[in-house]
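Participant: coordinates only, sequence not included:
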């Protein structure tokens, strides 16, 4: 499956770029009796959001290119979408991109009496993040995090 997602990424990357987007992730998996190929796209600028038109443009072009290059041996459903407003942050590139944004951090074990902390991502390193909650800065080891994702603000 990794070879398929890598091949699809290589095909999808320039298509996303020409539409002002980046590839967030590519998934290929069996769901019930169907195989599903999901390509998640996001805007290069963090202040812009993916629209249905963006997904449609990338999907149409990607579908044509996948038909030509045929990297997947069986039938599948293609879905192109956004990773969502609460997208996960997975690596230093994501942390850099979203410095200063509010994030939710789910913990395996309680810290400060809580299993979910919300605060501004103020800094990071290879194995930790620092969030600011009010006047307090909390250093959290990444290995202790079940998830790190953008916080949803209403």
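Facilitator: Everything's here; your move. Model, not experiment: these values are computed from the prediction.
Participant: from here on, contacts and neighbour counts on C-alpha atoms
Facilitator: Fine.
Participant: in terms of pLDDT, where does the closest residue to residue 99 other than its chain neighbours sit?
Facilitator: In space, and not counting its chain neighbours, residue 99 is closest to residue 121: 5.3 Å by CA to CA, 6 or more residues apart in numbering. In this prediction, residue 121 carries a pLDDT score of 98.
Participant: ok, residue 121 touching residue 102?
Facilitator: Yes. In terms of CA atoms under 8 Å, residue 121 counts as a neighbour of residue 102; the distance is 6.1 Å.
Participant: higher neighbour count, these two?
Facilitator: In terms of neighbours (other CA atoms under 10 Å), residue 121 is the more surrounded of residue 121 and residue 102; the figures are 23 against 20.
Participant: tell me which residues touch that one, please.
Facilitator: Under the criterion of CA atoms under 8 Å, 6 or more residues apart in numbering, the contact list for residue 121 reads 95, 98, 99, 100, 101, 102, 103, 129, 130, 131, 132.
Participant: ChimeraX command to pick out the buried ones of those residues?
Facilitator: With 16 or more other CA atoms under 10 Å as the burial test, the buried ones among the contacts of residue 121 are selected in ChimeraX as follows:
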select :95,98,102,103,129,130,131,132
